[in-house]
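> one predicted model, sequence on top.
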Amino acid sequence: MPDGVHGALVRRVSARPDGPLDVTWLTNGTLRLPLGRIRLQWAPAPLGGWDVTAHLGLATTEVHLASWPAAPDDWPLLVRPTVHEVTGLCAALTFATDALDLSNHLADD
């Protein structure tokens, strides 16, 4: 990672199994993750490969989503399925929450 950066914010995950992860660098001064967003961090592993971690932004906190110790150099292909599934789940939960809020609002009228 470049100097002054502590991770990458996942912006988009390709639906293709071998597709890319589009990311934006996060600087050291970046505030906590927005709801449903994923931050990836990686560093060289002691015995080779990369130690990769993912964190998920929730409404009031961040949680450790997953770790891939000593992942190979093509680690984005390894983490992509997990990141894709969690991104889809967060989108579905947001949609369901919005629908429930709308339903409750209409019931109050």
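Structure received.
> from V63, how far off is the residue nearest to the spatial centre of the chain?
For the chain, the residue sitting closest to the mean C-alpha position, by CA atoms, centre = their mean, is I38 at 1.8 Å. Taking CB to CB, to the nearest Å as the criterion, I38 is separated from V63 by 11 Å. C-beta coordinates here come from the backbone N, C-alpha and C atoms, glycine included.
> got it, and V5?
As for V5, its distance to V63 is 21 Å (criterion: CB to CB).
> mind listing the helices for this protein?
Secondary structure of the chain by DSSP state H: the helices cover 75-108.
> low-confidence ranges in it?
Scanning the chain for pLDDT under 70 picks out 1, 109.
> isn't P34 right next to G57, touching?
Yes: taking CB atoms under 8 Å as the definition, P34 is a contact partner of G57 at 5.3 Å.
> any idea how far L47 is from A71?
Separation of L47 from A71 (CB to CB) stands at 12 Å.
> now H6
18 Å.
> what do you get for F95?
In terms of CB to CB, F95 sits 32 Å off from A71.
> looking at the two, which is more packed in?
A71 (18 against 10; other CB atoms under 10 Å).
> list the contacts for the more buried one?
W42, A45, G49, W50, D51, V52, L78, V79 (CB atoms under 8 Å, 6 or more residues apart in numbering).
> ok, and the most crowded of those?
Across these, neighbour numbers were computed from other CB under 10 Å; V79 holds the maximum, 23 neighbours.
> okay, now the spatially closest residue to L58 that is not a sequence neighbour: neighbour count?
With CB to CB, 6 or more residues apart in numbering as the criterion, L58 has its nearest non-adjacent residue at 6.5 Å, and that residue is L35. When neighbours are defined as other CB under 10 Å, L35 has 13 of them.
> many thanks, we can stop here.
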